[in-house]
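A.B. asks: My questions concern the predicted model and sequence given below.
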Amino acid sequence: KPLDARVTIAGFGSRVTLNAGQCITLNIQVRFTGTNTYVTVTNDPNSTFFTDPAEQHGVFTSKNVWCALPPDRGQGFPIFGSYTDTATGKTAKDLVLVFVNP
């Protein structure tokens, strides 16, 4: 079962500042109970990326590519990644921080 998750932005780590219209690629790795190694599960069907549904920031152009839109200018917010182990029902989550220039 997943013990914890680590979400990163390709080329940036855990935070990024970008302009409206720019896109980032997200990755998620999970460490399972009993191991010290993180396994990449970005393309696993049980992995998902999302923003706060109430705030509706940006747009996902694919499963793990997110693009900033003009209404996001001047704001900072998290993008979440989660992985659910269907065998145990346990979910591991993490987040990255995105800042969009004014």
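C.D. replies: Perfect, I can see it now. Residues are numbered from 1 along each chain as shown.
A.B. asks: Show me what the closest residue to G81 other than its chain neighbours is bridged to.
C.D. replies: Leaving aside its sequence neighbours, G81 sits nearest to V7 (C-beta to C-beta, 6 or more residues apart in numbering; 3.7 Å). Bear in mind the C-beta positions are built from the backbone N, C-alpha and C, glycine included. Beta-bridge partners recorded for V7 (DSSP bridges): I28.
A.B. asks: Find me the pLDDT at the most centrally placed residue in the chain, would you?
C.D. replies: Nearest residue to the geometric centre of the chain (C-alpha atoms, centre = their mean): G81, 3.8 Å. Note on G81: pLDDT of 98.
A.B. asks: show me the contacts for it.
C.D. replies: 5, 7, 26, 28, 47-49, 93-96 (C-beta atoms under 8 Å, 6 or more residues apart in numbering).
A.B. asks: where does the residue of the chain most remote from its centre land in three-state SS?
C.D. replies: If you look at how far each residue of the chain sits from its centre, by C-alpha atoms, centre = their mean, the farthest one is G34, at 24.2 Å. Classification of G34 using DSSP: H, G, I helix; E, B strand; the rest coil returns coil.
A.B. asks: now do P71
C.D. replies: helix.
A.B. asks: Quick check: it vs L95, distance?
C.D. replies: Separation of P71 from L95 (C-beta to C-beta, to the nearest Å): 21 Å.
A.B. asks: the more surrounded of those two?
C.D. replies: Each of P71 and L95 has its neighbours counted (other C-beta atoms under 10 Å); L95 has more, 17 against 12.
A.B. asks: Which residue is the nearest non-sequential neighbour of that one?
C.D. replies: Nearest one to L95, counting by C-beta to C-beta, 6+ apart, is P78 at 4.2 Å.
A.B. asks: Can I get the host helix or strand of F99 in CSV, CA atoms only?
C.D. replies: Take DSSP states H and E as the rule and F99 turns out to sit in strand 91-100. The C-alpha trace of strand 91-100 is given here as CSV (Å, rounded to 0.1, in the frame of the first residue of the first chain):
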residue,chain,number,x,y,z
THR,A,91,-4.6,7.2,-1.1
ALA,A,92,-1.4,9.1,-1.0
LYS,A,93,-1.4,12.8,-1.9
ASP,A,94,1.0,15.6,-2.3
LEU,A,95,1.0,19.1,-3.9
VAL,A,96,3.1,21.6,-5.8
LEU,A,97,2.8,25.4,-5.7
VAL,A,98,2.1,27.4,-8.8
PHE,A,99,2.4,31.2,-9.0
VAL,A,100,1.2,33.0,-12.2
